[in-house]
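In: Have a look; sequence and predicted model below, questions after that.
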Amino acid sequence: MIDFTKDFLVRFFPLFLQGLKMTLEVWVFSAALSGFLGITFGILTCDRLKNVFTTFIEIITFVLRAVPFFVQLLIVYFVLPDLIGCNLEPFPASVIALGLCSSGYVTQIVRAGINSIPSAQWECADTLGYSTFEILWYVILPQMVRNVLPAFNNELDSLLKSTSIVASIGMLELTRVGMNIVSREMQPVPVYLTIACFYIVMSACLNVVTRFLERKLCYAKA
Amino acid sequence: MLKLENIELNKGSKKILTNINLSIPHKRITLFLGKSGSGKTSLLRCIAQLEGHYRGKITYGGVCLKEMARKERAQILSFLPQSYVLFPHMNVLKNCAHPMKHLFNISQKQAEDQAYHLLQAFGMEIFVNSYPHELSGGQQQRVAIARAVGLRPKYLLLDEPTSALDPENTQILIKILRNLVSEQTGIIVSSQDMDFAEKIMDFSIFLSHGILTETFDAKGDREREKESDIFRFLYARSTGT
């Protein structure tokens, strides 16, 4: 049995690697999109910088968090092309759907992270002559990032696992590759267990990186 | 000369400051006295332009502070809140050098050199590589004052600077403030620490429920001491009233 499994896995390993590559690509691009949107929205909705867009952004991010990811994916893949009148390939559709969905959560993380910084920090920087952008860039965001690293880690982790859902629109990522092999070879046990291991390894790497960053950015051990 | 004209501040329906008119002398220590809740901190924050919606006019040399760009204002006054003043993610040297580099558009190296000399003047040069959380409250405060002074403001505003200091550090602070005054900086301090207030007493104002009830100039008003609110407040602790 073990020999059989070994041969089996060796035979399909290149396929798994292709799936892995696709999973990583979707993950990295959607994380970039989510990070960009989430940080922008988070800054625009924090208590100190309330503005005309705040309520509007709050409603959008609420909707993004309220609708299940699978439904969002179906909307982006099947409804959006109709609305904008052009075809959307599975890859951009996946990245957009994942990025949007996750940005709703990142917004909340960033907003809470910024709000948790004592207002004296803003005020001091203000009287030292920093512009609002400079205050954010040099004073607030570096502190915010350190405070919310564990929450960012969580979000990236859950984003990684959500990538398996884009298998449903035909993206040939890790999970889809596995499903295809199973439907051909009728061997679900080794295939799905292998896939689970791949996810565990990726998640572990992410955790190691976060821990490293946490230690590196740790200026106050108190 | 810093001039305050008809300063009023409301928070919701609550009146915090009512009709404050005051000229704050340069190159002297101005003391804001009053019980807690009397509006000392609010008045300081108005002067530092941290309360956006006060009414009235605050001018320096005829120019309204409200209409001034932040970078210009930073060279006129610097405000130190009660706590959390240093940037926790920068070491002591960078805390002092970074604002200078930005305000004066000088190189990193120049800013760090200047910051080092400044810290030396405050006896803090051994801590240049430390982070704020590694310093005591008094040390943090000295670094914060050095950082503010580095921008060469005309006025330095301190909110309850002695609230977290032991007597020894208070003594050091008094020495620093006196030095700054002799180096042509105006100091504005709010305080309810009477030992401290008594020692640095120079020009003082007394606030009660947001109203300026008395100004007292130690240089000319000595004979009024007996009937002064300020003195009644100062000596309340010894008479037990």
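Out: Now that the structure is in, tell me what you want to look at. Values in this document were obtained by computation on a predicted structure and should not be read as measured data. Numbers count the residues shown, from 1 in each chain, chains lettered A, B, ... in the order given.

In: Quick one: classify the residue in chain A positioned nearest to chain B as helix, strand or coil.
Out: In chain A, the residue that lies nearest chain B is residue A:129 (3.0 Å; CB to the nearest CB). Every C-beta, even on glycine, is put in place using the N, C-alpha and C of the backbone. Classification of residue A:129 using DSSP: H, G, I helix; E, B strand; the rest coil returns coil.

In: And the pLDDT at residue A:2?
Out: We have a pLDDT of 62 for residue A:2.

In: Equivalent analysis for residue B:241, please.
Out: If you check residue B:241, the pLDDT there is 46.

In: residue boundaries of the helices in the chain?
Out: Picked chain A for this. With DSSP state H as the criterion, chain A has helices at A:2-45, A:54-66, A:69-74, A:80-84, A:90-115, A:119-127, A:132-134, A:141-162, A:174-185, A:188-216.

In: my question was about chain B
Out: B:40-47, B:70-73, B:92-104, B:108-121, B:137-150, B:167-182, B:194-200, B:229-234, B:236-239.

In: In TSV: those, plus distance to chain A and mean neighbour count.
Out: Formatted as TSV, these follow (distance: least, CB to the nearest CB, whole Å; neighbours: other CB atoms under 10 Å in any protein chain shown):
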stretch	distance to chain A	mean neighbour count
helix B:40-47	8	24
helix B:70-73	5	17
helix B:92-104	4	23
helix B:108-121	13	17
helix B:137-150	7	22
helix B:167-182	16	15
helix B:194-200	21	17
helix B:229-234	27	18
helix B:236-239	29	9
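
In: Tell me which of these lies nearest to residue A:178.
Out: For residue A:178, the closest of those is helix B:92-104, at 50.4 Å, according to CB to CB.

In: helices and strands of chain B: which one bottoms out on pLDDT?
Out: helix B:236-239 (a mean of 58; mean pLDDT, DSSP states H and E).

In: Tell me the backbone dihedrals of the spatially closest residue to residue A:118 that is not a sequence neighbour, please.
Out: Nearest in space to residue A:118, with sequence neighbours left out and distances taken as CB to CB, 6 or more residues apart in numbering or on different chains, is residue B:84 at 4.2 Å. When read as degrees, to the nearest 10, the backbone of residue B:84 gives phi 60, psi 40.

In: roughly how far apart are residue B:84 and residue A:179?
Out: Distance, residue B:84 to residue A:179, by CB to CB, to the nearest Å: 54 Å.

In: just to revisit the earlier point, the residue nearest to residue A:118: what's it in contact with?
Out: A:118, A:120, A:121, A:124 (CB atoms under 8 Å, 6 or more residues apart in numbering or on different chains).

In: quick one: buried residues of stretch B:203-216?
Out: B:203, B:204, B:205, B:206, B:207, B:208, B:210, B:212, B:214, B:216 (16 or more other CB atoms under 10 Å in any protein chain shown).

In: Tell me which two in these are the farthest apart.
Out: Going by CB to CB, the pair spanning these furthest: B:203 and B:210, at 20.0 Å.

In: out of the contacts of residue B:84, which are buried?
Out: A:120, A:121, A:124.

In: Buried deepest among the helices of chain A, which one?
Out: Comparing the helices of chain A by mean neighbour count (mean count of other CB atoms under 10 Å in any protein chain shown), helix A:90-115 ranks first with a mean of 22.

In: Quick check: mean pLDDT of that helix?
Out: Helix A:90-115 comes out at a mean pLDDT of 95.

In: Please tabulate the helices of chain A in CSV, including the columns distance to chain B.
Out: Listed next are the helices of chain A as CSV, based on distance: least, CB to the nearest CB, whole Å:
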stretch, distance to chain B
helix A:2-45, 17
helix A:54-66, 17
helix A:69-74, 34
helix A:80-84, 41
helix A:90-115, 13
helix A:119-127, 4
helix A:132-134, 7
helix A:141-162, 5
helix A:174-185, 38
helix A:188-216, 12
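
In: Could you point out which of those sits nearest residue B:64?
Out: Residue B:64 lies closest to helix A:119-127 among the helices of chain A, at 16.8 Å (CB to CB).

In: lowest-confidence helix or strand of chain A?
Out: Lowest-scoring helix/strand for chain A, mean pLDDT, DSSP H and E: helix A:80-84, at a mean of 87.

In: quick one: that one to chain centroid distance?
Out: 24 Å (CA atoms, centre = their mean, to the nearest Å).

In: how about the buried ones among the contacts of residue B:84 in a markdown table, adding pLDDT?
Out: Output for these, formatted as a markdown table (pLDDT from 0 to 100):
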| residue | pLDDT |
| --- | --- |
| A:120 | 89 |
| A:121 | 92 |
| A:124 | 90 |
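
In: And residue A:76, how far from residue A:66?
Out: From residue A:76 to residue A:66 the distance is 16 Å (CB to CB).

In: ok and the residue in chain B nearest chain A?
Out: Closest contact between chain B and chain A, by CB to the nearest CB, is at residue B:74 (3.0 Å).

In: what domains does the record give for chain B?
Out: Per automatic domain parsing, the structural domains of chain B span B:1-76+B:156-241, B:86-152.

In: any idea which of those domains scores lowest on pLDDT?
Out: domain B:1-76+B:156-241 (a mean of 83).

In: mind showing which ranges of chain A have poor pLDDT?
Out: Scanning chain A for pLDDT under 70 picks out the ranges A:1-4, A:220-222.

In: thinking again about what came up before, quick one: which of the buried ones among the contacts of residue B:84 is nearest residue A:6?
Out: residue A:121 (57.5 Å).

In: so that closest one sits right up against residue A:140, yeah?
Out: Yes - counting by CB atoms under 8 Å, residue A:140 is a contact partner of residue A:121 at 6.9 Å.

In: one step back: quick check: the residue of chain A closest to chain B touching residue B:101?
Out: No - counting by CB under 8 Å, residue A:129 does not reach residue B:101; the two are 11.1 Å apart.

In: follow-up on the earlier one: would you mind giving the helices of chain A as CSV with distance to residue B:30 added?
Out: As requested, those are exported to CSV (distance: least, CB to CB, whole Å):
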stretch, distance to residue B:30
helix A:2-45, 38
helix A:54-66, 39
helix A:69-74, 60
helix A:80-84, 63
helix A:90-115, 34
helix A:119-127, 17
helix A:132-134, 30
helix A:141-162, 33
helix A:174-185, 69
helix A:188-216, 45
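
In: Indicate which one of the ones you listed is closest to residue B:182.
Out: helix A:119-127 (23.2 Å).

In: which secondary structure elements does that closest one contact?
Out: strand B:77-80 (3 or more CB pairs under 8 Å, 6 or more residues apart in numbering or on different chains; DSSP states H and E).

In: Thank you kindly, that will do.
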